[in-house]
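Visitor: structure for this input, please:
(one chain, ligands or ions: 1)
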Amino acid sequence: MTDASTTPAAAPRSQGPDAASPFFRAGGRNRFTARRGRVIAVEQVAPVLLRVRLTGPDFADFSSGGPADHVKVFFPDPGSGELVAPTAAGPGEDGIVRPDGPTLARDFTPLRVTRTTDGVALDIDFYLHPSPGPASGWASRAQAGDELVVVGPRGSRGAPQGAARLVLVCDETALPSATRWAAEVPATTTVDLIAVTAGDGSWVAEYVSSTSGRDDVRMHLLPPDDPDALVPAVDAVGVDPATFLFAAGEASTLIPLRRHLKRTLALPAEQVSVNGYWKRGTAAFDHHAPIDPSDPD
Ligand SMILES: Cc1cc2nc3c(=O)[nH]c(=O)nc-3n(C[C@H](O)[C@H](O)[C@H](O)COP(=O)(O)OP(=O)(O)OC[C@H]3O[C@@H](n4cnc5c(N)ncnc54)[C@H](O)[C@@H]3O)c2cc1C
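Guide: I've put the predicted structure just below:
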């Protein structure tokens, strides 16, 4: 595509720490609506990640101003092919109308918004995980012309512009977000990525540099399913008072790391963001549920 540009941040609005804090993250609300889009491109961007590009007139005012933004994506029923999803409350209006029937929806990171003379397109990178549900299963079969409905992002919070260091702890589902974090902090912010991946992970560095546009992200690979490995990995990289840390992946695996950051290192909340993106054995995990039920936020 030509004359592409990425979406501007949502209108800044004060959230969280004071604007003078190095960890201040400008934020704002986006128009909250349901957008129906059709697939115009499918690309295998890594052995286990599939990039799907969606477009349609509904996306004309789509915006996403933060690296941890998420959209709720509604998928067709794998059996009937019927796509049951919310609709927009009205042209240009804020709000959605929920359908009567059951829906199949999962959370995804709006990776990139591209504006061209042909319209606005949204890229989403799907991890083709080993126990595919409606989302991963749909992605593995996706082709041009398929339709999805995207709701959100409701709000956006930008990356901190004053942190000297950024430490990212991400599994495959959070690597799309990791590439946004790397791209959306200043070039002077040093970035360490602890990538939790199955297999040899040799593709991660290339994926991160080609997607983020940064080739200076320091990579640290960790195998999955070892909660005890995350704390030493983060300690080895180091978290100092100038570091912002974002972690996302399998919720239970993140519990020891969250405890370490909160209790042992006693990091202020403004410096840390730990997020359960999925939970082993749970379909459609609600990421608003506490990661550590014994110690909710
Ligand atoms: C804010 C946010 C942003 C996200 N961004 C992305 C993104 O950009 N790309 C992306 O691929 N995912 C992303 N995810 C994760 C994605 O929503 C989940 O992996 C989702 O469960 C996939 O839906 P599904 O229909 O394939 O599986 P589900 O029907 O939800 O689950 C079916 C089974 O698969 C298991 N499962 C789910 N995810 C995984 C996994 N990663 N590895 C192994 N087993 C799994 C479940 O535990 C369950 O047993 C994000 C999640 C959140 C909360």
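Visitor: show me what contacts the residue sitting nearest the centre point of the chain?
Guide: Nearest residue to the geometric centre of the chain (CA atoms, centre = their mean): Thr109, 3.3 Å. Applying CB atoms under 8 Å, 6 or more residues apart in numbering to Thr109 gives the contacts Ala68, Asp69, His70, Val71, Ile124, Asp125, Ala174, Pro176, Ser177, Arg180. The way it works is simple: take the backbone N, C-alpha and C, and place the C-beta from them, glycine included.
Visitor: now, which of these sits nearest Ala283?
Guide: Distance ranking of the contacts of Thr109 against Ala283, using CB to CB, places His70 first at 17.2 Å.
Visitor: who touches the closest residue in space to the closest one that isn't next to it in sequence in this structure?
Guide: Excluding the flanking residues, the one nearest His70 by CB to CB, 6 or more residues apart in numbering is Asp107, at 4.7 Å. Neighbour list for Asp107: His70, Val71, Lys72, Val73, Tyr277, His287 [criterion: CB under 8 Å, 6+ apart].
Visitor: got the residues of the stretch 1-150 of the chain near the ligand?
Guide: Within the stretch 1-150 of the chain, the positions lying close to the ligand (CB under 6 Å from any ligand atom) are 70, 106-109, 125-127, 129-136.
Visitor: try 5 Å this time
Guide: 70, 106-109, 126-127, 129, 131, 133-136 (CB under 5 Å from any ligand atom).
Visitor: buried subset of those residues?
Guide: For these, a burial check counting by 16 or more other CB atoms under 10 Å picks out His70, Arg106, Asp107, Phe108, Thr109, Phe126, Tyr127, His129, Pro134, Ala135, Ser136.
Visitor: quick one: the helices in the stretch 1-150 of the chain?
Guide: 134-141 (DSSP state H, counting those that start in this stretch).
Visitor: pick out the residue in it sitting closest to the ligand.
Guide: Gly133 (2.0 Å; CB to the nearest ligand atom).
Visitor: which pLDDT value belongs to the nearest residue to that residue once chain neighbours are set aside?
Guide: In space, and not counting its chain neighbours, Gly133 is closest to Ala283: 5.3 Å by CB to CB, 6+ apart. On the pLDDT scale, Ala283 is placed at 96.
Visitor: state the distance from Ala283 to the ligand.
Guide: Note on Ala283: its distance to the ligand, by CB to the nearest ligand atom, to the nearest Å, is 4 Å.
Visitor: please shift the residue numbers so they start at 31 in all later answers.
Guide: Fine by me, first position is 31 from now on; the one you just mentioned is Ala313.
Visitor: and stretch 212-229, which residues are buried?
Guide: 212-215, 219-227.
Visitor: tell me the two of those that are most distant?
Guide: Thr219 and Thr227 (23.2 Å).
Visitor: about what we covered before: confirm for me that the residue nearest to Gly163 is in contact with Ser166.
Guide: No - Ala313 is beyond contact range of Ser166, at 10.9 Å (criterion: CB atoms under 8 Å).
Visitor: please save the CA atoms from the strand ranked longest in the chain in CSV.
Guide: In the chain, assigned by DSSP state E, the strand with the most residues is strand 64-76. What follows is strand 64-76, C-alpha atoms only, in CSV (Å, rounded to 0.1, in the frame of the first residue of the first chain):
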residue,chain,number,x,y,z
ALA,A,64,-19.4,-1.7,16.4
ARG,A,65,-17.6,-1.8,13.1
ARG,A,66,-18.2,-4.4,10.5
GLY,A,67,-15.2,-5.1,8.3
ARG,A,68,-14.1,-7.5,5.6
VAL,A,69,-10.7,-9.1,5.2
ILE,A,70,-8.6,-7.8,2.4
ALA,A,71,-5.3,-9.5,3.2
VAL,A,72,-4.0,-12.4,5.2
GLU,A,73,-0.2,-12.8,5.7
GLN,A,74,1.8,-15.3,7.7
VAL,A,75,4.2,-12.9,9.5
ALA,A,76,5.8,-15.5,11.7
